[in-house]
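Chemist: I would like to see how this sequence folds:
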Amino acid sequence: MIVGLFPELLAAGGVQSAGRHTAAILSEIAAEREAPYRLLSLNDPIGEHEIYVGDSRFVFRGFNRSKQRFVVAALKLAFEQPRVTVAAHPNLVMIATAMKIASPRMRRIVMSHGIEVWKALPPLRRWALRRADRVLAPSTDTAKKLELVQGVSAEKIRRLPWGLDPDFMALAKNPEALPLPPGFPEGRVLLTVGRWMANERYKGADNLIRALPPLLDLVPDLYLVAIGEGDDRPRLEGIAGELGISGKVHFLNWIPKNELAACYACCDIFALPSSGEGFGFVFLEAMAFEKPVVGGAHGGTPDLVQDGLNGFLVPHGDTERLTGALAKLLKQEDVRRGMGREGRALVLRQFRFENFRIRLKEIVAEMGPS
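Modeler: Residues are numbered from 1 along each chain as shown. The predicted structure is shown next:
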């Protein structure tokens, strides 16, 4: 048996997308081994749910945020002697460790995502993480943090870059057919996508708003479109108001995937000058549509944004550097188009779902035969 423990699978977000991809591949591995699989998700609605990722289908059980029921269900599965358990977030590592008591031969794989392991975890959780059989990181930087900050042995760490969702890649093949969401402005567009939460201000949406006034002197019909929701949105709207550019900043709530894809297709530049991205699916999505990208020179972003090749990297909070990078892309169409082509080529070469599938299957195979 293969067991997967997930924080959440149905919602939007990078961790959730990586979880869905992982769950799909675990179900494939189980089918190839003619073995059962069980997937549990802590925060999703109670009951069984079915998801497709490309042509892969899997079923999982949600627990509606009930930690007690989730833990009990995981421990019951341990008595069925699973061969491998994947904890899809470091916060779930203690449950996998408890399962090991009932199933001593079980191998444990723990997935990390980024900022949650950049600072030392609580001692007991860090102890459990170090004793996992494999610890996965989506980026070079996060892999280093696992070793240097968490003390995970280098030989246990495996880098597993995330892959672009196959459904999203399919949308990028026919961008003309995609419907734009209501409220999308006519003109040139600087696009950003994220969660606008007060505890995630490292995303840098405020810096993009502050960079807009000098850019409007160069490109009067420029708009910033910010897609996402969160409790920090009133503050961001307030910044735009103070700068007198409220009409140039459009906030859109989370929208259907085909409308989001249309926004990528119609924008000029994608930017997320974040200091806390462990990876950044949104960069892959923009690159799939041949858009140049501007990101923070921190965390996992440099694995995706190759400075001067498919976009620009800028230090978080450096509004002057950010403005300069965006101005260059807005003014120079040949640079903009060239970087867009390089970005799409990079996605096709390194960040397809198939790349993720192959690598994860290799890592699970390291755990030994079924």
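
Chemist: ok, Phe279 - contacts?
Modeler: Gly14, Ala18, His113, Gly114, Pro138, Ser139, Thr142, Pro161, Trp162, Gly300, Asp303, Leu304 (CB atoms under 8 Å, 6 or more residues apart in numbering). In short, each C-beta sits where N, CA and C put it, glycine included.

Chemist: tell me which of these is nearest to Arg233?
Modeler: Proximity of the contacts of Phe279 to Arg233 (CB to CB) peaks at Gly14, which lies at 19.4 Å.

Chemist: what secondary structure does the closest residue to Leu243 other than its chain neighbours sit in?
Modeler: Nearest non-adjacent residue to Leu243, counting by CB to CB, 6 or more residues apart in numbering: Pro213, 5.8 Å away. Three-state assignment for Pro213 (DSSP: H, G, I helix; E, B strand; the rest coil): helix.

Chemist: Could you check the pLDDT of Pro213?
Modeler: Model confidence at Pro213, expressed as pLDDT, equals 96.

Chemist: Please report how far it lies from Ala226.
Modeler: 16 Å (CB to CB, to the nearest Å).

Chemist: again, but for Leu322
Modeler: Taking CB to CB as the measure, Leu322 falls 15 Å from Ala226.

Chemist: Repeat that for Phe279.
Modeler: Phe279 is 20 Å from Ala226, where distance means CB to CB.

Chemist: dump the residue contacts of Asn91.
Modeler: Taking CB under 8 Å, 6+ apart as the test, what Asn91 contacts is Pro7, Glu116, Arg125.

Chemist: Once you drop chain neighbours, what's closest to Arg126?
Modeler: Per CB to CB, 6+ apart, closest to Arg126 is Gln150, 5.6 Å.

Chemist: So what's the residue count around the one you found?
Modeler: A count of nearby residues for Gln150, using other CB atoms under 10 Å, gives 20.

Chemist: what's the neighbour count on Ile115?
Modeler: 18.

Chemist: will you turn the contacts of Phe279 into JSON lines that also has distance to Ser103?
Modeler: Output for these, formatted as JSON lines (distance: CB to CB, whole Å):
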{"residue": "Gly14", "distance to Ser103": "30"}
{"residue": "Ala18", "distance to Ser103": "25"}
{"residue": "His113", "distance to Ser103": "26"}
{"residue": "Gly114", "distance to Ser103": "29"}
{"residue": "Pro138", "distance to Ser103": "28"}
{"residue": "Ser139", "distance to Ser103": "31"}
{"residue": "Thr142", "distance to Ser103": "28"}
{"residue": "Pro161", "distance to Ser103": "30"}
{"residue": "Trp162", "distance to Ser103": "29"}
{"residue": "Gly300", "distance to Ser103": "33"}
{"residue": "Asp303", "distance to Ser103": "35"}
{"residue": "Leu304", "distance to Ser103": "37"}
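
Chemist: from these, which is closest to Gln332?
Modeler: For the contacts of Phe279, the minimum distance to Gln332 (CB to CB) is 21.6 Å, reached by Leu304.

Chemist: check contacts around the closest one.
Modeler: By CB under 8 Å, 6+ apart, the neighbours of Leu304 are Phe279, Gly280, Phe283, Leu284, Met287, Val293, Gly295, Leu346, Phe351.

Chemist: Can you name the residues bridging to the closest residue to the fourth one other than its chain neighbours?
Modeler: This points to Leu284. Among residues not flanking Leu284 along the chain, Leu164 sits closest, at 4.5 Å (CB to CB, 6+ apart). Legend: beta-bridge partners of Leu164 under DSSP bridges are Arg352.

Chemist: thinking Leu164 is in contact with Ala288, fair?
Modeler: Yes - using CB atoms under 8 Å, Leu164 is in contact with Ala288, at 5.9 Å.

Chemist: Quickly list what's touching both of the two.
Modeler: Val347.

Chemist: number of nearby residues for Leu218?
Modeler: Each residue near Leu218 was counted by other CB under 10 Å, and the total is 12.

Chemist: Next: the one 10 residues further on.
Modeler: Gly228 sits with 23 neighbouring residues when counted by other CB under 10 Å.

Chemist: Tell me how far it lies from Asn253.
Modeler: 8 Å.

Chemist: In TSV: the contacts of Asn91, plus secondary structure, distance to Asn258 and pLDDT.
Modeler: Below are the contacts of Asn91 laid out as TSV (DSSP: H, G, I helix; E, B strand; the rest coil; distance: CB to CB, whole Å; pLDDT from 0 to 100):
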residue	secondary structure	distance to Asn258	pLDDT
Pro7	coil	26	98
Glu116	helix	31	95
Arg125	helix	39	97
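
Chemist: Make a PyMOL selection of whichever of the residues you listed turn out to be buried.
Modeler: The buried subset of these, as determined by 16 or more other CB atoms under 10 Å, is captured in PyMOL by this line:
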select buried, resi 7+125
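
Chemist: that older thread, which of the contacts of Leu304 count as buried?
Modeler: Those of these that meet the buried threshold are Phe279, Gly280, Phe283, Leu284, Met287, Val293, Gly295, Leu346, Phe351, by 16+ other CB under 10 Å.

Chemist: would you turn these into CSV with distance to Ala30, pLDDT and secondary structure?
Modeler: Converted to CSV, those look like this (distance: CB to CB, whole Å; pLDDT from 0 to 100; DSSP: H, G, I helix; E, B strand; the rest coil):
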residue, distance to Ala30, pLDDT, secondary structure
Phe279, 26, 90, coil
Gly280, 30, 89, coil
Phe283, 31, 96, helix
Leu284, 27, 96, helix
Met287, 32, 97, helix
Val293, 36, 98, strand
Gly295, 36, 96, strand
Leu346, 32, 97, helix
Phe351, 25, 96, coil
